[in-house]
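Asker: Please work out how this folds:
(one chain, ligands or ions: 1)
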Amino acid sequence: MNAMSPWKRLGEIQEQILHGDGAFLVAVDEHGHPNAMTIGWLQVGTVWSRPVCLVLVRPSRYTHSCIEASGSFTVNVPRGTMAEELAFCGSRSGREVDKFAALDLGTVPGTKVKAPLLADCAVAYECRVVARAELKPGGLLDEGIRAKYYPRGDFHTLFFGDIVAAWELSA
Ligand SMILES: Cc1cc2nc3c(=O)[nH]c(=O)nc-3n(C[C@H](O)[C@H](O)[C@H](O)COP(=O)(O)O)c2cc1C
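Answerer: Numbering: from 1, shown residues only. Next up, the predicted model:
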């Protein structure tokens, strides 16, 4: 795999996530065991004069507790379609099933964070959480968004990950 600038391939990555079936957010639990969940929203940009990856995770997700436990995560953008794996990781919880074992997902160890990278993906970011913020009802100004995305009040936590390494994974 080859190191790349976090700014490389951004347009392509957003296209892939928007028109594909999402990307994988991977974090390890308190025992160091990895879990993967599907995400559809990913922001990569500059915050605090550094490259930052922002992900939105509802507190109900097992992934939420993994990120809280380890303080880091990886974001893995599929090469073409990994529809089956994304559907599984987006509908099953790591509380009930070992998704890595069930899908026989190939991994590459993270170089700077505890979470691994997914070997079959095109691009991966290693991220160290530098800030978290809870979306609160009063902070959400659009009633349509609230009604559509938060009917049960499960407001996302925003995790800001300092991108400490970015990789192009070989085919
Ligand atoms: C396409 C797609 C995108 C998703 N995006 C998010 C997201 O950005 N944030 C989130 O909290 N859940 C999102 N989910 C739901 C989680 O992936 C799903 O609840 C998953 O089973 C959680 O796994 P976990 O409990 O092992 O963390 C998405 C699901 C799909 C299918």
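
Asker: can we go C-alpha only for contacts and neighbour counts from here?
Answerer: OK.

Asker: Can I get stretch 41-57 as PDB, trimmed to CA atoms?
Answerer: Taking Å, rounded to 0.1, in the frame of the first residue of the first chain, the C-alpha atoms of stretch 41-57 are listed here in PDB:
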ATOM      1  CA  TRP A  41     -21.800  10.500   5.400                       C
ATOM      2  CA  LEU A  42     -18.100  11.500   5.500                       C
ATOM      3  CA  GLN A  43     -16.500  14.900   5.600                       C
ATOM      4  CA  VAL A  44     -12.800  15.400   4.900                       C
ATOM      5  CA  GLY A  45     -11.500  18.900   5.300                       C
ATOM      6  CA  THR A  46      -9.300  21.300   7.300                       C
ATOM      7  CA  VAL A  47     -10.000  22.000  10.900                       C
ATOM      8  CA  TRP A  48      -7.500  23.400  13.400                       C
ATOM      9  CA  SER A  49      -5.100  23.800  10.500                       C
ATOM     10  CA  ARG A  50      -4.900  20.000  10.000                       C
ATOM     11  CA  PRO A  51      -6.600  17.400   7.800                       C
ATOM     12  CA  VAL A  52      -9.600  16.100   9.600                       C
ATOM     13  CA  CYS A  53     -12.100  13.400   8.900                       C
ATOM     14  CA  LEU A  54     -15.600  14.000  10.500                       C
ATOM     15  CA  VAL A  55     -18.000  11.100  11.000                       C
ATOM     16  CA  LEU A  56     -21.400  11.100  12.600                       C
ATOM     17  CA  VAL A  57     -22.200   8.100  14.800                       C
END
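
Asker: Determine the number of other residues adjacent to residue 136.
Answerer: 12 (other Cα atoms under 10 Å).

Asker: Can you tell me the closest non-neighbouring residue to the spatially most central residue of the chain?
Answerer: By Cα atoms, centre = their mean, the chain has its centre lying nearest to residue 25, at 2.6 Å. Spatial nearest neighbour of residue 25, chain neighbours left out: residue 75 (4.8 Å); criterion: Cα to Cα, 6 or more residues apart in numbering.

Asker: now do residue 108
Answerer: Residue 108's closest residue in space is residue 117 (Cα to Cα, 6+ apart), at 5.0 Å.

Asker: which ones are touching the closest residue to residue 163 other than its chain neighbours?
Answerer: Counting by Cα to Cα, 6+ apart, residue 163 lies nearest to residue 127, which is 4.5 Å off, once chain neighbours are set aside. With contacts defined as Cα atoms under 8 Å, 6 or more residues apart in numbering, residue 127 is in contact with 52-53, 72-75, 113, 161-165.

Asker: so where's this structure shaky on pLDDT?
Answerer: Counting by pLDDT under 70, the chain has low-confidence residues at 171.
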